[in-house]
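K.L.:
predicted model and sequence below, questions to follow.
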Amino acid sequence: MDRQFTHEMVEALGNVGFQSFDFSGYRFQLYGIRYSGTKVGQVCACPAHQHSFYEFFYVTRGRFETIANGRQYGYDSSQFGLLIPGLQHTHPQSSFALLAIRFRVESSPLGGRISPSH
């Protein structure tokens, strides 16, 4: 099974027909879907930064490295990861491709709370 995503596939995912939905007292709001990475054989490094959204990612090729809170995490092809809002992190030199789904989570009118510990 070919696990490589194309930009056309990602664009199609971005048109899935919802911008937000409620689930178990929370509102999930899609912020963006992107496919990114390096060319085969190349590496890139990303300086320290943080996001205002959650980023759930799936590594499709290579190894994706992240340093957060002084610890280094490595994700190989076919592994998932999640970065939470406000987490200061950096990506040291990596050669990878990944699909990232960016979203926000808020309390919905139905109730529910968001806690950094969950």
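P.N.:
Everything's here; your move.
K.L.:
what sits against Cys44?
P.N.:
By CB atoms under 8 Å, 6 or more residues apart in numbering, the contact set of Cys44 is 38, 91, 93-95. Every C-beta, even on glycine, is put in place using the N, C-alpha and C of the backbone.
K.L.:
check which residues of the longest strand seen in the chain are buried.
P.N.:
Across the chain, the longest stretch assigned as strand under DSSP state E is strand 89-107. Within strand 89-107, the residues scored as buried using 16 or more other CB atoms under 10 Å are 89, 91, 94-102, 104-105.
K.L.:
format the contacts of Cys44 as CSV; extra columns: pLDDT.
P.N.:
Listed next are these as CSV, based on pLDDT from 0 to 100:
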residue, pLDDT
Thr38, 76
His91, 87
Gln93, 77
Ser94, 78
Ser95, 85
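K.L.:
tell me where this structure has helices.
P.N.:
For the chain, helices defined by DSSP state H occupy the ranges 7-14.
K.L.:
pLDDT below threshold where in it?
P.N.:
Applying pLDDT under 70 to the chain flags residues 1-18, 108-118.
K.L.:
quick one: the strands in it, in order.
P.N.:
Counting by DSSP E, the strands of the chain are 20-23, 26-37, 44-49, 54-68, 71-76, 80-83, 89-107.
K.L.:
now the angle from the longest one to strand 44-49?
P.N.:
Using axes from the mean of the first three to the mean of the last three CA atoms, to 10 degrees, one finds that strand 89-107 and strand 44-49 are set 60 degrees apart in direction.
K.L.:
list the helices and strands strand 89-107 packs on?
P.N.:
With contacts taken as 3 or more CB pairs under 8 Å, 6 or more residues apart in numbering; DSSP states H and E, strand 89-107 sits against strand 26-37, strand 44-49, strand 54-68.
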